[in-house]
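>>> Have a look at this fold, sequence not included:
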């Protein structure tokens, strides 16, 4: 009878032992399925995991049912340099080479490419391609598992029950394993290292050199222990970030990223955790919750985005510049000088593009009080000249070394597009600061939850406030008014509305050709073409 072994205690011992061995031999199969399933869209990963293990079970049962054929796989097929190659050797060689190739490609993708950065629209692998790879590896791992079962017990029913129990346990453990791998990217690198080590052992075994499994499992166990210590250290660092002054630690990390020095005593600093830990926690709800205010998060994101921004996105544009024309009458120059509110003056001849230099307002006025004459040439200094596409951080470094912290921004034709100062960079981080003659705030939150913003508000700050990416990658616009003009395609009038990116933008006030105030509301339902542009 098939189940006569059930009355034999030694058969039960063999069953339990075989179940344990089948689980151990199936771990590498399980890890590989978890890594391959990660490439699929989230809604397909669970299906691939279950299907992969079911295919592994089916392949093991089919091979067990064909024990007579499996046993013949150990018979020599041909000889090369006095070494006999069997069917099992060829399968192990093929599987080992495939594992080495796949592991190398996966490691290259994660180390050399931008795989670690999550894209807005990530490209996922096709479901059938992942399943084909799982089937190929199932065949290799199943052969090793079945040969182990044949060598341990004699009863076919014992082998099949052991395999079914082992795969059932792996099926139960596969989802937590997959979730753990997805939560800890460093574990993926470790698992790929395991697979490459297993692939190498398969290739070596295919050539007849047996490596004791105990060596492999000892190396894997030691690596897992090191990774556990690493994960524990990282969790402790994250806890430390949440229990200290987060704004202080954010400022310190930002200063380190911008190349500044932390002037505080090193003994007072709680720790020197990596910036990536801080960045991860900084955008979590427990760090920037409602109690701290959304603007803390906005400012941190503004700093982290500086490295990717051209200076033209933070500069004061040409229409807003105050400058002195030396070709005008002395009385006109005097009146213009007395009406200016900035500490630095742009001085030019005839037109702004014919710039003569930069002068300090208080020095020109002091000399005028003392002598009664205006002498701009005496106080002119050479400005910093930068291209409009220069990176903000590079311009900051130039301003730090310049005697006058003002950069003239030119376009490709040599025309002045605007100026950049440390205040402009600060406004890119913290938002617009109203001038003394500007009574109203640049951003105003209304009772109904909508926003009233200046047309000159930086589009990146608008994106952060709305939770939508309104930034044009080609830098076609850098302000909220530019965003509306770009999408409308014409100069709007008071009351005109634009529906885009889940919001309604309404022009409240116009000053000639300039959009001054814009009212932003959420759009719950799409509007008709007659009502919105």
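That came in fine, so what should we check first? Given the structure is predicted, the values throughout are model-derived calculations rather than measurements.

>>> Report how many residues lie close to residue 51.
Burial of residue 51 is recorded as 18 neighbouring residues (other Cβ atoms under 10 Å). Quick note: C-beta positions are derived from backbone N, CA and C, even for glycine.

>>> those strands in the chain, which residues are they?
Applying DSSP state E to the chain gives strands spanning 76-80, 83-86, 316-317, 323-325, 344-348, 355-360, 384-387, 407-410, 416-420, 443-445, 451-454, 497-500, 503-511, 514-522.

>>> can I get those in CSV with mean pLDDT, mean neighbour count and distance to residue 334?
Listed next are the strands of the chain as CSV, based on pLDDT from 0 to 100; neighbours: other Cβ atoms under 10 Å; distance: least, Cβ to Cβ, whole Å:
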stretch, mean pLDDT, mean neighbour count, distance to residue 334
strand 76-80, 79, 10, 99
strand 83-86, 80, 14, 99
strand 316-317, 86, 18, 24
strand 323-325, 89, 19, 10
strand 344-348, 89, 20, 13
strand 355-360, 89, 19, 14
strand 384-387, 91, 18, 28
strand 407-410, 92, 22, 24
strand 416-420, 91, 23, 23
strand 443-445, 69, 14, 37
strand 451-454, 86, 21, 31
strand 497-500, 88, 18, 44
strand 503-511, 90, 18, 27
strand 514-522, 89, 18, 28
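
>>> Next, format these as TSV and append distance to residue 53.
TSV is the format used below for these (distance: least, Cβ to Cβ, whole Å):
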stretch	distance to residue 53
strand 76-80	31
strand 83-86	28
strand 316-317	61
strand 323-325	73
strand 344-348	70
strand 355-360	71
strand 384-387	58
strand 407-410	60
strand 416-420	59
strand 443-445	53
strand 451-454	51
strand 497-500	46
strand 503-511	46
strand 514-522	45
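
>>> Figure out which of those is closest to residue 215.
Among these, the nearest to residue 215 by Cβ to Cβ is strand 83-86 (22.3 Å).

>>> Run a quick neighbour tally on residue 109.
13.

>>> so what's it scoring on pLDDT?
pLDDT recorded at residue 109 is 71.

>>> how close does it get to residue 346?
Distance of residue 109 to residue 346, computed by Cβ to Cβ, to the nearest Å: 51 Å.

>>> Out of the strands of the chain, flag the one nearest residue 55.
Between residue 55 and the strands of the chain, the shortest gap by Cβ to Cβ is with strand 83-86, which sits at 24.8 Å.

>>> can you list the residues that contact the closest one?
Strand 83-86 is contacted by residues 73-79, 206-208 when judged by Cβ atoms under 8 Å, 6 or more residues apart in numbering.

>>> Can you show me the helices along the stretch 101-250 of the chain?
Ranges of helices in the stretch 101-250 of the chain, per DSSP state H, counting those that start in this stretch, are 127-152, 156-183, 185-206, 213-242, 246-257.

>>> Give the other helices and strands that the longest one contacts.
If I follow you right, that is helix 213-242. Here helix 213-242 is seen to pack against helix 185-206, helix 275-282 when contacts are counted using 3 or more Cβ pairs under 8 Å, 6 or more residues apart in numbering; DSSP states H and E.

>>> Report the angle between it and helix 156-183.
Taking axes from the mean of the first three to the mean of the last three Cα atoms, to 10 degrees, one finds helix 213-242 and helix 156-183 inclined to each other by 30 degrees.

>>> Could you give the average pLDDT over helix 213-242?
74.

>>> Please give me every residue in contact with residue 408.
Residues counted as contacts of residue 408 (Cβ under 8 Å, 6+ apart) are 346, 355, 383-386, 416, 419.

>>> The closest residue to residue 379 other than its chain neighbours pairs with what?
What sits nearest to residue 379 in space, not counting adjacent residues and going by Cβ to Cβ, 6 or more residues apart in numbering, is residue 359, at 4.4 Å. Beta-bridge partners of residue 359, counted by DSSP bridges, are residue 345.

>>> next one: residue 324
Under DSSP bridges, the beta-bridge partners of residue 324 are residue 347.

>>> From residue 198, how far off is the residue nearest to residue 205 when sequence neighbours are not counted?
If the residues on either side of it in the chain are set aside, residue 205 comes closest to residue 92, at 5.4 Å by Cβ to Cβ, 6+ apart. According to Cβ to Cβ, residue 92 stands 11 Å off from residue 198.

>>> got any residues that touch both of these two?
With Cβ under 8 Å, 6+ apart applied, the contact sets of residue 92 and residue 198 do not overlap.
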